[in-house]
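> I'll drop the sequence and a predicted model, then ask my questions.
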Amino acid sequence: MNPINYLYLAALLFTIGAAGVLIRRNAIVLFMCVELMLNACNLAFVAFSRLHGNLDGQIIAFFTMVVAAAEVVVGLAIIVTIFRTRHTASVDDASLMKL
Amino acid sequence: MADFSFPLLSATAVVPAVGAVATAAVPAAKRTAAKWLALLFSLATLVLALVIAVRFDPGAKGPFQLTESHAWIADFGVRYELGVDGIAVALIALTALLIPFVILAGWHDADALEKDATKRWRPTQGFFALILAVEAMVVISFEATDVFLFYIFFEAMLIPMYFLIGGFGDRAGVDDATEGAARRSSAAVKFLLYNLAGGLIMLAAVIGLYAVTADQLGTGTFSLQQIVQARAAGDLTMGTGIERLLFLGFFFAFAVKAPLWPLHTWLPGAMGESTAPVAVLITAVVDKVGTFAMLRFCLQLFPEASKWATPVVLVLALISILYGALLAVAQKDIKRLVAYASISHFGFIILGVFAMTSQGQSGATLYMVNHGISTAALMLVAGFLITRRGSRLIADYGGVQKVAPVLAGTFLIGGLATLSLPGLAPFVSEFLVLVGTFSRYPVLGIIATVGIVLAALYVLVLYQRTMTGPVRAEVRAMPDLKARELVVVAPLIALLLFLGVYPKPLTNLVNPAVDHTLSVVDQQDPKPDVRVNAVPGEAGTDRDAEAAK
Amino acid sequence: MSPSILAAASTTSTGEAVQFWILGTVAVIGALATILMKRAVHSALSLAGTMIILAVFYLANGAYFLGVVQVVVYTGAIMMLFLFVVMLVGVTAADSLKETLKGQRWLAAGAGIGFGILLIAGLGNASVKHFNGLGEANAGGNVQGLAALIFTKYVFAFEITGALLITAAVGAMVLTHKERTERARTQRELSERRVREGTQVTPLPAPGVYARHNAVDIPGLLPDGTPSELTVISTLRERGQVRDVSGESLAELAALEQRSSEWLERGGTGRSAEQRRGEQARQRDEEATR
Amino acid sequence: MESLIALLVGAPLVGAAVLLCGGKRLDRAGHWLGTLLAVVSFVIGLVLFANMLGRGAEDRALHQHLFSWIPVGGFQADIAFQLDQLSMTFVLLITGVGSLIHIYSIGYMEHDERRRRFFGYLNLFLAAMLLLVLADNYLLLYVGWEGVGLASYLLIGFWQHKPSAATAAKKAFLVNRVGDMGLSIAIMLMFTTFGTFAFGPVLGAAGETSEGKLTAIGLMLLLAACGKSAQVPLQSWLGDAMEGPTPVSALIHAATMVTAGVYLITRSGAIFDAAPDAQTAVVAVGAVTLLFGAIVGCAKDDIKKALAGSTMSQIGYMILAAGLGPIGYAFAIMHLVTHGFFKAGLFLGAGSVMHGMNDEVDMRRYGGLRKHMPVTFVTFGLGYLAIIGFPGLSGFFSKDKIIEAAFASGGTQGWILGAATLLGAGITAFYMTRVMLMTFFGEERWRKAPTPSPDQPSVEPAAETRGEYEPPHPHESPKSMTIPMIVLAFGSVFAGGLFSINEAFVHWLEPVTSFKHGHAPVSALAVTASTIVVLVIGVGIAWLMYGRKPVPALAPRGSFLTRAARRDLLQDDFNHVVLVRGGEELTRALVRIDDAVVDGAVNGTAVSVGGLSGRLRRLQTGYVRSYALQMLGGAAVLVFATLLMRGV
C-alpha cells in the first residue's frame, strides 16, 4: 500500500466535514464538523511529513491542534453565550447580519 | 531658475491650503473674522501668482521654469515635480485673480445656513475654507509636471467642490426646502460621480503609461518632460494601439471636466443649483483644468494619437458650440443659461486646442483666461440679481434696467463680453480660435462662426427679458449695486476692456509655450497662398522693432 | 512499529495496509455518523471515535508524539469540552435534519462532492511512486526531533501559540462570564420578598417524593398524586426534560396497599377493613404534613 | 499730424467713457460735454483736411501705428490708423453731421431724464464709426463695425421701457451679427490667402491669387455690407430701428452707419475689381434693394418708416454704384455724402414735426402743417427736392451720375441696371412727394379725433382710448433744433453742385478709388432728360393720389402689393415663420433630447448599476451556512483553477 492513501482518506474526511458544516444547523455539531476538517488536514500533514521524510509536517499539525483547541474554547464559549441569550443553538436563528 | 531657490510654485499652492486650514479653525463666533482671513489669504496667493508672472521669462530656453523636483514615491517613479510654462502662468494668474472676487461675491452666501450652526458645524468658515482648498488644488494641478501628481489633485478637487455644490447650494427660488435640498444633493452627486468616472478611466491610463515607460525605459516614470524627451530621442516608442488607448483614457477625463458634448450634462445642474460664486468657481476655474490638461498632457504625451483623434474631437467641439448655444437660447433659468453658454465656449476652446495651429492654441489659452473673467462678471452680476429678487427664472424679471441701471449696465457688459464683442477680451481669443481653425479646416471654421450669431441671440434675449420692458412689480423696490458688489464687478470689467485692447502681455506669455507644444506635436501653421512681403508704411517697421525687443 | 518505515520505500507493510483499510473504513463511518446523527451527543461520540482512529494513524505514520497528543488533547480535552457544552445546551436537544434554507442541501451535496472529487483528482495526478520514510528524521527519537524543530526553527510561532492559548482562555472566560448587575440578595431579603408577594411563602418544594426517586428531573407529587412542576429546576422545565412519573407512583401506592392488606390477613383476622382505612388515612395526613 | 488721428477717435471715446461712468452728477452738463467733444473731433477733422489739401494728391494718405494688438505667429493685428481721401470724406461727414445732430438732440431730448446717457451713446457711436473708417486693417475695421452695431443697439433700444423698442434693438443687432459673420469669414479668408488683413498688402496683392478665393472674399464682404447697410436680404431691421429717437435715425440709420457697407465695398475695390462675379452680386443686391426700399417707402404711413424705406433705396443706389467698379466708386461716395445731408435733414425735419405733434408718427394724422412750422417746412422741402433729384440740387448731381454709370456698365446688364435706377428715381419722386403732401399740405387731419384702427394700435395715443381728445398744438421747434436743420438744408442744396464743379470730388477720391469714365450707350444728356421725365411722372402721380383728393384718415385696404409693402414685402413674416418659429421648435426639441437622450443615457447607467447591486445584495442572507457554502464553492473553484493551471 502506498501512504498516499492516507491523503485520500484525509480528503474524504475533509469533504465529509465540509458537508456537515453546510448541512447541520446545531452550532455544536457544526463545530464538530469543523474539528473533523481540521483533523483531516492534520492527517494529511502527518502523511506528507512521512512522504517527505522530515518533521515539519508534524510541527504544523501540532500547531494546528493548538489553534484548534483555542478556537474550540472560544467557539464553544460563544455558543454558550448565544444559547443563554436566545435559548437556541441553531445557527440559522442568528441571522441578523444581513441587509 | 537656479538662482531662485525659494520654492515659489509650492508656496503659491501652500498659502491657500494654509489659509483653508486657518479659516476652518476660526471659532464659530468670529464669522466675519473668518471671511476677512480667507480674503487675506486669497490676496496673498494673488501676490505670489503675480511674482510668478514677473519672474517668469517668456524668452527663456526650455519648456518649464521655476521648476521644483523631489523624489516622492521612489518605487513607482512618482516625483513631486512642479514647473510652469506660459500657459500655466496665465491660468494660475487667472485663478489667483478670480478667487478674491469669488470670496467677496460670496460674502453672505453662507449666512443663510448660520441659523442651524453649532460649535462644530460652522457654515461660514467651512464655505470659505473649501473655496481656498479648491484654489490650492487647482493651482498645484496647473503647476504639476508629474502626471501622477497632477492626477491626484485633479481628482481631489472634486471633494471640496462636492461640498460646495451640495452643502452651500442656491436657495433662491426654492419654494420647498426639502425638495431644494434633494435637487442640490443630486446635482452634487452627479457632478461627483461623473467626474469620478472620468478620473478612474484616467487612472487606468496613468497606470498604463507607467507600464509602458517601465517597459521601454527600464524604469517607469510619470515625468512629463522625461517622457517627452524620451519620445524625441526615440527611446520611447508607444505602439499605436496602446497610445490611442492611453490618449482616450486621458481625454475622456478631461472631456468630462471641460465639459465636451455629450459629457456635459452635469454642468447645468451643478451650476444651476450652486450659488453664483461657486458656479464661477466651477466654470471659470475648475473646468479650466480640463482644457489646460488637454493642451499639456494629451497633446504632449500622445502626439500621434492626438492627431489621430483630431477629426472626431473637432466635430464634437463643433457640436458643443452650436448645441450649447441653442440650448442656452431655450433656457428658463438664468444660471442654467450661463452654463450652456459656457458649454458652447468650452467647445471653442477645445476647437482651438485641437486645430493644431499657433493661432488656435494661443487663442484657446487666451479663451480660457477671458472666458474665466467674462463668465465671472456675468455670473456674479446675475447672482446679485438673483439674490435681490430671490428667483432664478428669467420670466420673473423685467424692466430692471429702469430700477437698477448700474446693475443692468454691468450685466450688459458681461453679456457683451460673453457674445465676444470686439473691444472686449473674449473677442480676441474667439477670433484667434476661429482663424486658427479656419486656416486648417475652413468648413469647420465657417460653421463655428455661426456660434457668434447664436451667442448674440441668447445674450440679448436674456438681457431683453430681464432688464428691459415695463418694470415688474416685484423688482420695483430692487436696490442698485452696493459698494462691495461694485468692488467685485468693476475690476473684472476693467480687465475685460484692457485685455480686449491690449492682450499683448498675455500673448507674449503664451506664444512660446504654444510653439513648444506644436513642436512636440510636430505641426506647423499652414502657409498662406500669397506671401505678402513686409507691409508698407511704418506699421511693418514698428512691428519688426517690437518683435526684436 | 513495523521496521519497514525506517527506510525509504515504495510501499508499506501489509500489516499497516490491513490496519489502514479496516480503521479507515471505521473512521469514515464515524465521520458520516458525526454529521448524520440527530442528537449532538451521538455526533460527539462518533467524532471521538474517528479521532482515536486518526491517533492510531498518526502512530502508524511515525508521528508518535502527535498520536499521543491527539488522544490527550483532542479526545481527552476538546471532546470532553464538547460534551460539557452539550450538557449545558441539552443532551436531548435533537435538531431535526429537515433543511430550512432553500436548496442548501442540494447545493451543499453538490459542492461537497465536487470539492472531494477535485481534491482526489488533484491527489490522483500527484503520482507519488516511492516515499522516503521518517527514518533519519526520527533517528534521535520523534519527540526530540520535534522539540529540536519547535525550539529552533519554529520558536516564535510556538511562543505566539502560547499567547494565543492564553488569549483564548481569557476570551472564553470573558464571553461566558455573566456580569452581575445588582447585588446578590441575602436569605433574609428573599424570604421577606416571598412574604410580601404572598404567592409562594414557603421555599419551593424539592423534587422527588418519599425518596422513592432522587433524580432532579422528576417532579414531586401533590397529595392527589399529580406531579408539581414547581419542584423541578427551571432549566429542565424549559428544555421540557421533566420526566412525568405521577402514574407510576400511584401504581406503586396501589401495590403497597395490596401487600399490606395481604400481610394483615396472614397476621390475624382481628384486622378489619376500617383498620385498613385508618392506615390509608395515616398515609394521607403524612402526605399533608409534607 | 499723424498723432491727431488717434485724437480724432479719442475725443468722442473719452466723452462716452466720462458720460457713461460719470453718474448723476453729470446730468446737468452732460449734453454740453458730449456736444463739445463731437465738435472737437469735427475741428480736428477740418485741421487734418486742410493739412491734407496742403499735400500732393498722391502722398495725402497718413498712417499712424499705435501698437501691435494681437501678435500670434503669422497673425499680426495692429492698432493702426490710415487717413486717406476716402476716410477723410467720411470723417468730415460723420463728425460734421454728428455734431449737428448732437446740437439738435440737446433740444430734442430736453425732457428725457436719461439725456446724459443718450449723449454718451452718441459719442460712443461717433468713436466707433470713426474707428471704422480710420482703421488700416480689416480686423480693426471689424471692431468699429461691431462698435457701431452696439451703439445702434443701445440707441434703438434707448426707450427700453417700450418692449417694441427693445425688440427692435435686439433684431437690429442680430441681423447685423449675421452680416458680421460674413465680415469675419472674409477676414479669415484674407488671412489664409494673403497671411495678413491690412488694407495695404491685401489690396496690393489682390491680383496675385485665384479668382475663386477673391470671389469668396467679395461675397462675404457683400454679406457684411448687406447686414450693416440694410440691403436685401438683411434689410428687415432698418424699419423697426425707427423705434429709436429721431436724431438716432437721422445720424445712424440715415447719414452714417448704414452707409458703412458702401465704405467697405469701395475700400475693398481692388478685390471686387478682380472678382467680376462678386461685382455682379453686388449690383444685383443694389438694384433689388433700391426698388424694394422704394416700394416699401410708398406704402408706409409712419413718416419715419417711409423715410427708412427711402434710405434703404438710396443706399441701394450707392451699393449698385460701388458694384460697378471704378466707374462707380466715386459716385457712390458722392451720393453717400449728399444723401447724408438731405436724408439727415429730412429725418430731423420729421423729428421736429413729431416734436410739435407730441410724438405722432402717423402721416394720416398730419396735414397742412406748413403754416404751423415754416422752418421745418422749408428745410424739409429742400431736402425733399434734393432727394428726388430736382435739377440743381445735390441729389440731382449724385443720382444722375449713378444712373449714367449704371447704363455705362455695358451690355444687357447695363440696360437692366439703368432701367432699374430710372424706375427707382421715379418711385422715389412718388413716395417723397406723398410724404411731403400728406405732412405739410391738405386739410389739418389732426384736428379731429382719429378713428381707431386695428392695423396700427401702437401709434394710438392713450387719450383716444378714453374718448376725450384734445388736438395737438403744432409749433416750431426751438433754435437748437432748427439751426442744424438749416445747415443740413444748405448742404443738401449746394453739396452736389460743389462736388461736381469739374469733377472735383471724383478727382479728390481718384487716388484711393481708381476712377475711369464709363461710356454709356446713350448720351449723358438723354439720361438726364429721361431722369427728369420719370421724376415729373412720379410727382404727378403722387399729386393725383394725395394732392387732389383728401387723404383718408384710415388707410384704404389697397392692392395686394400695397398690403405686402406695408408689411415690408412680407419679409418679416418670412423671417418669423422660417427663422423664429423654426428656431424655437429646434431649441425645444434639443432641450427634450438633452434631457431624454444625452442625460437619459447617463441616468440610465446609474439606475441599471443600482438595480444590479440590489440583486447582488440578495446573496447577503445572513445565514452562516450559506456563506459557508459560498466559501466552499469559491474554494472548489480555486482548486479547479489551480488544477487547470497545472494542466490537468
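Perfect, thanks for sending it. All values reported here derive from a predicted model rather than from experimental measurement. Numbers count the residues shown, from 1 in each chain, chains lettered A, B, ... in the order given.
> right, is the worst-scoring helix or strand of chain A on mean pLDDT up against chain D?
Every helix and strand of chain A was ranked by mean pLDDT, DSSP states H and E. The lowest is helix A:56-86, at a mean of 89. No: counting by CB under 8 Å from any CB of the partner chain, chain D has no neighbours in helix A:56-86; the shortest distance is 11.5 Å. Heads up, the C-betas are built off the backbone N, CA and C, glycines and all.
> that helix near chain C anywhere?
Yes: interface with chain C: helix A:56-86 contributes A:56, A:58-59, A:61-63, A:65-74, A:76-81, A:83-84 (CB under 8 Å from any CB).
> what is the burial count for residue 85?
No chain specified, so I'll use chain A. Using other CB atoms under 10 Å in any protein chain shown, A:Thr85 is surrounded by 9 other residues.
> you looked at the wrong chain, it should be chain D
21.
> and it, what pLDDT?
Here, the pLDDT recorded for D:Gln85 equals 88.
> that one and D:Ser394, how far apart?
With distances taken as CB to CB, to the nearest Å, D:Gln85 is found 19 Å from D:Ser394.
> surely D:Ser68 is within a helix?
No: checked against DSSP: H, G, I helix; E, B strand; the rest coil, D:Ser68 lies outside a helix; its state is strand.
> D:Asp78 is in contact with that one, correct?
Yes: counting by CB atoms under 8 Å, D:Ser68 does reach D:Asp78; the two are 5.4 Å apart.
> neighbour count winner among those two?
Counted by other CB under 10 Å, D:Ser68 and D:Asp78 do not tie: D:Asp78 has more neighbours, with 24 against 20.
> you'd agree the more buried one is in a helix?
No: counting by three-state DSSP, D:Asp78 is not part of a helix but strand.
> who touches residue 82 in this structure?
Picking chain A for this. The neighbours of A:Ile82, taking CB atoms under 8 Å, 6 or more residues apart in numbering or on different chains as the test, are A:27, A:88-89, A:94.
> think we crossed wires, I meant chain D
D:Gln82 neighbours (CB under 8 Å, 6+ apart): B:537, D:61-64, D:134-136, D:199-200.
> OK, contacts around the residue of the stretch 101-250 of chain B found nearest chain A?
The minimum distance from the stretch 101-250 of chain B to chain A, using CB to the nearest CB, falls at B:Val189 (21.0 Å). Listed by CB under 8 Å, 6+ apart, the contact set of B:Val189 reads B:162, B:166.
> if I pick B:Pro40, what's in contact with it?
Residue B:40: Leu, not Pro. Taking CB under 8 Å, 6+ apart as the criterion, B:Leu40 is in contact with B:Gly19.
> can you tell me the element it falls in?
Assessed by DSSP states H and E, B:Leu40 sits inside helix B:31-55.
> give me the buried positions along that helix.
Residues of helix B:31-55 classed as buried by neighbour count (16 or more other CB atoms under 10 Å in any protein chain shown): B:31, B:34-35, B:37-39, B:41-46, B:48-49, B:52-53.
> likewise stretch B:209-228?
Within stretch B:209-228, the residues that count as buried by 16+ other CB under 10 Å are B:209-210, B:212-213, B:220-228.
> for it, which outside residues touch it?
Counting by CB under 8 Å, 6+ apart, residues outside stretch B:209-228 touching it are B:63-64, B:76-79, B:81, B:83, B:145-149, B:206, B:230, B:235-238, B:242, B:246, B:296-297, B:300-301, B:520.
> ok, and which of the residues you listed reach chain A?
Answer for the contacts of stretch B:209-228 near chain A: none qualify (CB under 8 Å from any CB).
> so which of those belong to helices?
Counting by DSSP state H, these place B:147-149, B:206, B:230, B:242, B:246, B:300-301, B:520 in helices.
> who wins for neighbours among those?
Most neighbours among those, by other CB under 10 Å: B:Val147, with 27 neighbours.
> for chain D, what is the nearest residue in chain A?
Scanning chain A for proximity to chain D using CB to the nearest CB identifies A:Lys98 as nearest, at 2.9 Å.
> that older thread, which one of the contacts of D:Gln82 is nearest chain C?
Using CB to the nearest CB, D:Ala135 comes nearest to chain C of the contacts of D:Gln82, at 85.9 Å.
> now the closest one. Its backbone dihedrals?
The phi/psi pair for D:Ala135 (degrees, to the nearest 10) reads phi -60, psi 150.
> next, count neighbours for it.
25.
> how about it: what's its closest non-neighbour residue?
Of all residues not flanking D:Ala135 in the chain, D:Leu141 sits nearest, at 4.1 Å (CB to CB, 6 or more residues apart in numbering or on different chains).
> which residues touch residue 17?
The chain I'm using is chain A. Residues in contact with A:Gly17 (CB under 8 Å, 6+ apart) are A:33-37, A:40, C:31, C:35.
> let's do chain B instead
B:Ala17 makes contact with B:132-133, B:136, according to CB under 8 Å, 6+ apart.
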